[in-house]
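Chemist: generate coordinates for the sequence data below:
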Amino acid sequence: MKMKRFAALAAAVCLSISLFSGCSQSGGKTITAPTSEVAQKLMDSLSFEYPLNELPAEAANRLYKLDGEILEEQAVYVGTGGALADEVSVWRVKDEKDSKTVQEAAEQRVENQKVSFKDYVPEEMPKLEKAVITVDGDTVILCVSSDPDKAKEVIAGFEK
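Modeler: Okay, the predicted model is just below:
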């Protein structure tokens, strides 16, 4: 009798694992293009008042308070001189479970920017209020621009 219960439990566990193994935050969609290609396409497709500056990996990791060890690759571009909220950041994590950590870092960055820009340059607030943060499997994207709908369209073009 114990053996039958054990077999039934094992079968249930195997079924659960097979059902959930294909799930991701992206609903099964993934982005396979290099992070630099995704970031460049966003910058080419959207209008920014000034060119965005690429941050070296170490500076980007400090800015977002991320452990670089969890990242496979990244492309982080921020507005010139800090007067504009414009930003394009794309990360690929080594382990998909770390996508949540990067997503939370992107969300915190947007919240920090809202505090900074609220009184400093309030005209930038609409961009921050509509910041696009997307998680597609092991890829996390943050885009702060004046055209969030276009940003979503560009990102969707990379999903497989």
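Chemist: ok, then the element right after the helix or strand bottoming out on mean pLDDT in the chain?
Modeler: Across the helices and strands of the chain, mean pLDDT, DSSP states H and E gives its lowest value to helix 2-20, namely a mean of 33. Later in the chain than helix 2-20, the nearest helix or strand by DSSP states H and E is helix 35-45.
Chemist: just checking, what packs against that next one?
Modeler: For helix 35-45, the elements it packs on are strand 71-78, strand 87-93, strand 139-144, helix 148-156, judged by 3 or more Cβ pairs under 8 Å, 6 or more residues apart in numbering; DSSP states H and E. No exception for glycine: its C-beta is placed from N, CA and C like everyone else's.
Chemist: max-length helix in the protein?
Modeler: helix 99-120 (DSSP state H).
Chemist: what packs against that one?
Modeler: helix 57-64, strand 87-93, helix 125-129, strand 132-136, strand 139-144.
Chemist: can you put those in TSV and add distance to Met43?
Modeler: Output for these, formatted as TSV (distance: least, Cβ to Cβ, whole Å):
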stretch	distance to Met43
helix 57-64	15
strand 87-93	6
helix 125-129	15
strand 132-136	14
strand 139-144	9
